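*Asks:* no FASTA, just this:
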């Protein structure tokens, strides 16, 4: 399930791409399939192990070629272990809302992006996220949880102050907003709740099969209910 539109980001074969806060690695895998030279970075040791294992499995399955490059690094978003202007493209998907000092993290992202390079940043959208916080304190008040809710203007302002230029934006994952409202209503840890399990099956069906009915529904509902705000930026030459 991708949040970033790679056509808007503009990924070409051979370019270096950083996936900051890679989590399970979904954006890193797609960039690798497109021929990018990928570095996936996360603070969590478990996430790093998982992505390494998946990349190894992709190589065995022939999903990536011998010349494709991918590395996985455990690191700190506030002190990225890369030189200035190391990457042509940068992705930070659902990361900044977890970082107390997001201004420093944004400065690091801008530092490692080449002049003329592009970046995609995604965060939970204000409206759907505010509903989650109102319904459940447990949703966000956990170790490593969300520390803020972004207004679009606040996020864009902080990115611009780091020297980045906004080139576009959109919303994504409308079908996921009601799912999380339901989870917050019954309790975020209640994976066994019948309604939660039923809705989860619908989302898995959507992700694995991409049926027309859910694709159309999401396109129509994204402007209203999209769970994620996605902004695209460029570092001026």
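*Replies:* Great, that's in hand. All of these numbers come straight from a predicted model, not from anything done at the bench.
*Asks:* now do residue 132 against residue 77, distance only.
*Replies:* According to Cβ to Cβ, to the nearest Å, residue 132 and residue 77 sit 23 Å apart. For every residue, glycine as well, the C-beta is placed using N, CA and C.
*Asks:* same check, this time on residue 69
*Replies:* Taken as Cβ to Cβ, the span from residue 69 to residue 77 is 22 Å.
*Asks:* contacts only, for residue 75.
*Replies:* The contact partners of residue 75, taken as Cβ atoms under 8 Å, 6 or more residues apart in numbering, are 41, 42, 43, 81.
*Asks:* what number of residues lie near the second one?
*Replies:* Summarising burial for residue 42: neighbours were counted as other Cβ atoms under 10 Å, giving 25.
*Asks:* ramachandran coordinates for it?
*Replies:* Dihedral pair for residue 42: phi -150, psi 150, per degrees, to the nearest 10.
*Asks:* you'd agree residue 107 is up against residue 162?
*Replies:* Yes: with contact defined as Cβ atoms under 8 Å, residue 107 counts as touching residue 162 (5.3 Å).
*Asks:* which one's more surrounded, these two?
*Replies:* residue 162 (19 against 15).
*Asks:* wait, what's in contact with the residue nearest the centre of the chain?
*Replies:* By Cα atoms, centre = their mean, the chain has its centre lying nearest to residue 93, at 1.9 Å. Residue 93 is in contact with 3, 4, 19, 21, 23, 27, 120, 121, 122, counting by Cβ under 8 Å, 6+ apart.
*Asks:* what's around the closest residue to it other than its chain neighbours, how many residues?
*Replies:* Closest residue to residue 93 apart from its sequence neighbours, by Cβ to Cβ, 6 or more residues apart in numbering: residue 122 at 4.6 Å. When neighbours are defined as other Cβ under 10 Å, residue 122 has 26 of them.
*Asks:* secondary structure element for residue 122?
*Replies:* In the assignment (DSSP states H and E), residue 122 maps to strand 113-124.
*Asks:* given that strand, what are its sheet partners and their directions?
*Replies:* strand 87-93 (parallel), strand 228-234 (antiparallel) (DSSP bridges).
*Asks:* make JSON lines from those and add mean pLDDT to it.
*Replies:* Below are the strands paired with strand 113-124 laid out as JSON lines (pLDDT from 0 to 100):
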{"stretch": "strand 87-93", "mean pLDDT": "98"}
{"stretch": "strand 228-234", "mean pLDDT": "98"}
